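Chemist: Fold the following.
(one chain, ligands or ions: 1)
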Amino acid sequence: MTESFAKKLCCPIDKHDLDIRIFVKHESGEILEALLTCKECSRYYPVIYGVPIMTPDEYRDKSLEEPVMKKWNLNLQSGKQGSFQLEENSST
Ligand SMILES: [Zn+2]
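Modeler: The predicted structure is shown next:
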């Protein structure tokens with residue numbers, strides 16, 4: 001996924017623009033690992049191996065995403081299984 005492609009992505013829930021935090025970028029400019037976040041609903045969408053995970057909540061498996069989020073030092077909202085929201089955005 002390239003950065004210009006990432007900028008075209010919007011939240012599948014509310015169609016709001018997404019913020020991107022890039023963690024790993026290939027020398028070709030391809031984004032390999034990043035986190036897309038929606039300011040509107042506080043959902044996060046990880047980019048793993050260059051693929052944005054933007055499926056609806058019910059098709060996502062938090063247990064698969066958790067190790068990646070931990071690697072990026074990001075805290076998931078605890079006790080809310082299936083909420084797919086970041087803890088740092090919960091107070092805003
Ligand atoms: Zn949203």
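
Chemist: C-alpha only now, for contacts and for neighbours.
Modeler: Will do.

Chemist: starting at the chain centroid, how far to the helix ranked longest in the chain?
Modeler: Identified as the longest helix of the chain according to DSSP state H is helix 62-71. Between the centre of helix 62-71 and the centre of its chain there are 11 Å (Cα atoms, centre = their mean, to the nearest Å).

Chemist: Return the set of buried residues in it.
Modeler: Neighbour counts over helix 62-71 (16 or more other Cα atoms under 10 Å) mark Glu65, Met69 as buried.

Chemist: next one: stretch 24-43
Modeler: For stretch 24-43, by 16+ other Cα under 10 Å, it's 24-25, 30-38, 42-43.

Chemist: ok so, going back, may I have the longest helix of the chain as CSV, with CA atoms only?
Modeler: Output of helix 62-71 as CSV, limited to C-alpha atoms (Å, rounded to 0.1, in the frame of the first residue of the first chain):
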residue,chain,number,x,y,z
LYS,A,62,-9.1,-9.1,18.1
SER,A,63,-6.8,-11.9,19.2
LEU,A,64,-5.0,-11.8,15.8
GLU,A,65,-4.5,-8.0,16.0
GLU,A,66,-3.5,-7.8,19.6
PRO,A,67,0.1,-9.0,19.2
VAL,A,68,0.7,-6.5,16.4
MET,A,69,-0.7,-3.7,18.5
LYS,A,70,1.5,-4.7,21.4
LYS,A,71,4.5,-4.6,19.1
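
Chemist: gap between whichever residue of the chain sits closest to the ion and Leu64?
Modeler: Of all residues in the chain, Cys41 sits closest to the ion, at 4.2 Å by Cα to the ion. Noted for Cys41: a distance of 21 Å to Leu64, by Cα to Cα, to the nearest Å.

Chemist: next one: Ile13
Modeler: 21 Å.

Chemist: Nearest the middle, which residue of this structure would you pick?
Modeler: A centroid search over the chain (Cα atoms, centre = their mean) returns Tyr45, at 2.2 Å, as the residue closest to the centre.

Chemist: ok now do that residue, which residues does it touch?
Modeler: By Cα atoms under 8 Å, 6 or more residues apart in numbering, Tyr45 lies in contact with Leu35, Leu36, Thr37, Pro52, Ile53, Met54.

Chemist: In TSV: those, plus distance to the ion and secondary structure.
Modeler: Output for the contacts of Tyr45, formatted as TSV (distance: Cα to the ion, whole Å; DSSP: H, G, I helix; E, B strand; the rest coil):
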residue	distance to the ion	secondary structure
Leu35	13	strand
Leu36	10	strand
Thr37	8	strand
Pro52	15	strand
Ile53	14	coil
Met54	11	coil
